[in-house]
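Student: Fold the following, please.
(one chain, ligands or ions: 1)
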Amino acid sequence: MPKTEQRGVKMRSDVLIVGAGPTGLVLALWLTKLGVRVRIIDKSEQPGTTSRALAVQARTLELYSQLDLDQAVIERGHKVPAVNLWVGGKPKAHLDFTDIGSGLTPYAFLLIFPQDEHEKLLIERLGELGIAVERQTELIGYREAGDHVVADLRGPTGVGEACEALYIAGCDGAHSIVRHVMGTGFPGGTYQRVFYVADVEASGPPVDGELHVDLDEADFLAIFPLTAEKHVRLIGAVRNPRHDDDSPLRFEDVGHQAIDHLKVKIEKVNWFSSYRVHHRVADRFRQGRAFLLGDAAHIHSPVGGQGMNTGIGDAINLAWKLAAVVAQRASASLLDSYEPERIAFARRLVASTDRAFTMVSSEGTLARIVRTRLAPALLSQIVRFGPFRRFMFRTVSQTTLNYRGGPLAAGTAGAVSGGGRLPWVKIDGGDNFASLSLMQWQVHVYGTARPELASWCAAHRLPLQIFPWRKQYEAAGLACDASYLLRPDSYIALADPSGAPETIERYFNSRGLAGSR
Ligand SMILES: Cc1cc2nc3c(=O)[nH]c(=O)nc-3n(C[C@H](O)[C@H](O)[C@H](O)COP(=O)(O)OP(=O)(O)OC[C@H]3O[C@@H](n4cnc5c(N)ncnc54)[C@H](O)[C@@H]3O)c2cc1C
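Tutor: This next block holds a predicted model:
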């Protein structure tokens, strides 16, 4: 590594974001929109050019609607109509995914949007807000200095700079320097099996816009449709690679039995990489003025397409809290809620993706029988049942992710509790999500709001949305005339059956949020 040549001028920003992957870019977008001065740096010369994470989950799209990003992602992405299971080249199950989450979310489908195109879109949007990623700028280290941090950066010419910021956000990926300086552990492990990922141009029956998974006895292959015609992503297990030296593995070296079984004709390989899957969660997501987000905080198998979405969720969870603290609308203790809210989900996710990954990749006889016989037969039947479809969608789409039991969650009204996601209800050609784009505290009442609640909200400039009572609200679990206090990231903070303003006032005061309206 070249030595830093000289010290540059100190620059001050509110938040220094290290890393311009999807996590850092979303954090920069949200913070900028909320009026926070950010610097976003990345050591790489240019944005990623490979597809990597493909799935954009429904919850991410719901959150993206706050910044009008949802439609752009949908327009540029690809809705996957069905998932097909094959065994040994024979079709075993066709699972219809059209409207799989119908009635649960405005985004009731499985969407594919390659990560490189996704990052390009986020960079464009950030540019429109006047923020550019500072490329070839590397974080070397940082230290806390009382009420701020001082970060050592090395710029494109190798010149060093000490950058001051109130907070530092480590969005710097699996090998995070921020995590290293924090001194937190990253316990977990690495699976033995090697996998490959290849973006190819191809033809053949499975190149049809649907997702195909071949659960062969001796091989594993998933074929994801990409946005361009004839372009697909292959993910497969590397078995008995056809090379015996230390040279990097090539596409020609991996077993092609499943590819041949499915009659896929590869015309061009645009990107090929092999990798081992890790499963790790950092011991801490915060140390003083430093935070860990995205792959810097948690990594796990790509099964279920959760990794990138979870990083984006981290960013949106932290952004409004940093914005409130920087603007002195909340006490710094609000930031304490970031770690418990996000680490609990990350740990559950790593455990569940571990189970799923073990199921699809194990080599034992029993695992093979489950994978190649039981699973396809069972899935083709139960996927027809509404409750199972909904369960499957809810689990994967992150719409069940919640902060119930966390430090910012209070109360229950109907079947809806503080810390939960607001149930989506479509009504009269509109829905109850429209006001969430305000990105600020607000109150929802379904039914009639008490006059004193309306006056209190007006006096405190807290937006109050009143939805005349309908039976659809009851079906969604909402209680008539109760008040639901929503956080700027749209999660429910407080659910109060009484609908009284005093409860909201007490909630704000007890959490040091007195000035955050
Ligand atoms: C081959 C491959 C295939 C994948 N496939 C899938 C998939 O199918 N599904 C899925 O969900 N996920 C997949 N992933 C994972 C997914 O890409 C990550 O979860 C996602 O990129 C995490 O985003 P992030 O912003 O947290 O981190 P990253 O995207 O890793 O971004 C971190 C950024 O920080 C920068 N950086 C690092 N250190 C410094 C420093 N010291 N100073 C300045 N900048 C720094 C890096 O240059 C990088 O741009 C895949 C990953 C790989 C590598």
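Student: quick one, helices of the stretch 351-500 of the chain?
Tutor: Using DSSP state H, counting those that start in this stretch, the helices assigned to the stretch 351-500 of the chain run over residues 365-369, 375-382, 386-397, 451-459, 471-475.
Student: Same check on the chain?
Tutor: With helices called from DSSP state H, the chain shows them at 22-33, 58-64, 70-76, 115-128, 177-182, 257-261, 307-326, 338-361, 365-369, 375-382, 386-397, 451-459, 471-475, 501-510.
Student: could you dump these to TSV with distance to S51 and mean neighbour count?
Tutor: In this view, the C-beta of every residue, glycine as well, is placed from N, C-alpha and C. Listed next are these as TSV, based on distance: least, CB to CB, whole Å; neighbours: other CB atoms under 10 Å:
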stretch	distance to S51	mean neighbour count
helix 22-33	12	26
helix 58-64	17	24
helix 70-76	13	15
helix 115-128	6	18
helix 177-182	26	22
helix 257-261	18	20
helix 307-326	11	25
helix 338-361	20	17
helix 365-369	29	12
helix 375-382	26	15
helix 386-397	19	16
helix 451-459	46	15
helix 471-475	39	15
helix 501-510	44	16
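Student: Quick check: end-to-end length of stretch 64-77?
Tutor: 14 Å (CA to CA, to the nearest Å).
Student: hang on, the earlier thing: now render the helices of the stretch 351-500 of the chain as CSV, adding mean pLDDT and distance to the ligand.
Tutor: Below are the helices of the stretch 351-500 of the chain laid out as CSV (pLDDT from 0 to 100; distance: least, CB to the nearest ligand atom, whole Å):
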stretch, mean pLDDT, distance to the ligand
helix 365-369, 71, 22
helix 375-382, 71, 20
helix 386-397, 86, 11
helix 451-459, 97, 37
helix 471-475, 97, 33
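Student: Quick one, which of those gets closest to K120.
Tutor: Among these, the nearest to K120 by CB to CB is helix 386-397 (23.9 Å).
Student: relative to helix 307-326, how tilted is that closest one?
Tutor: Taking axes from the mean of the first three to the mean of the last three CA atoms, to 10 degrees, one finds that helix 386-397 is oriented at 60 degrees with respect to helix 307-326.
Student: Can you give the distance from helix 386-397 to the centre of its chain?
Tutor: 18 Å (CA atoms, centre = their mean, to the nearest Å).
Student: between that helix and helix 375-382, how many degrees?
Tutor: 120 degrees.
Student: Show me the contact partners of helix 386-397.
Tutor: By CB atoms under 8 Å, 6 or more residues apart in numbering, the residues outside helix 386-397 that reach it are 57-59, 100-101, 104-105, 107-108, 304-306, 382-383, 399-400.
Student: just stretch 37-45 next, same as before
Tutor: The contact list for stretch 37-45, computed with CB under 8 Å, 6+ apart, reads 11, 13-20, 24-25, 27-28, 31-32, 126, 131, 133-139, 153, 163, 165.
Student: among those residues, which ones are buried?
Tutor: By neighbour count, with 16 or more other CB atoms under 10 Å, the contacts of stretch 37-45 hold 13-20, 24-25, 27-28, 31-32, 126, 131, 133-134, 137-139, 153, 163, 165 as buried.
Student: list the contacts for the residue in the stretch 301-450 of the chain positioned nearest to the ligand?
Tutor: Closest contact between the stretch 301-450 of the chain and the ligand, by CB to the nearest ligand atom, is at G307 (3.1 Å). Residues counted as contacts of G307 (CB under 8 Å, 6+ apart) are A53, D295, I299, H300.
Student: From the ligand, how far off is the last one?
Tutor: This means H300. Distance of H300 to the ligand, given as CB to the nearest ligand atom, to the nearest Å: 9 Å.
Student: List the residues that contact that residue.
Tutor: Going by CB under 8 Å, 6+ apart, H300 touches V277, H278, H279, R280, Q306, G307, L349, V350, T353, D354, F357.
Student: show me what contacts the residue of the stretch 1-150 of the chain found nearest the ligand?
Tutor: With CB to the nearest ligand atom, the shortest gap between the stretch 1-150 of the chain and the ligand falls at G21, namely 2.3 Å. Shown in contact with G21 (CB under 8 Å, 6+ apart): G48, E119, C171, G173, G294, D295, G311.
Student: Highest neighbour count among those residues?
Tutor: For those, the largest number of neighbours (other CB atoms under 10 Å) sits with C171, at 31 neighbours.
Student: For R39, list each beta-bridge partner.
Tutor: R39 has these beta-bridge partners by DSSP bridges: L16.
Student: what's around it, how many residues?
Tutor: Neighbours of R39 (other CB under 10 Å): 22.
Student: Most proximal residue of the stretch 51-200 of the chain with respect to the ligand?
Tutor: For the stretch 51-200 of the chain, CB to the nearest ligand atom, closest residue to the ligand: G173, 2.9 Å.
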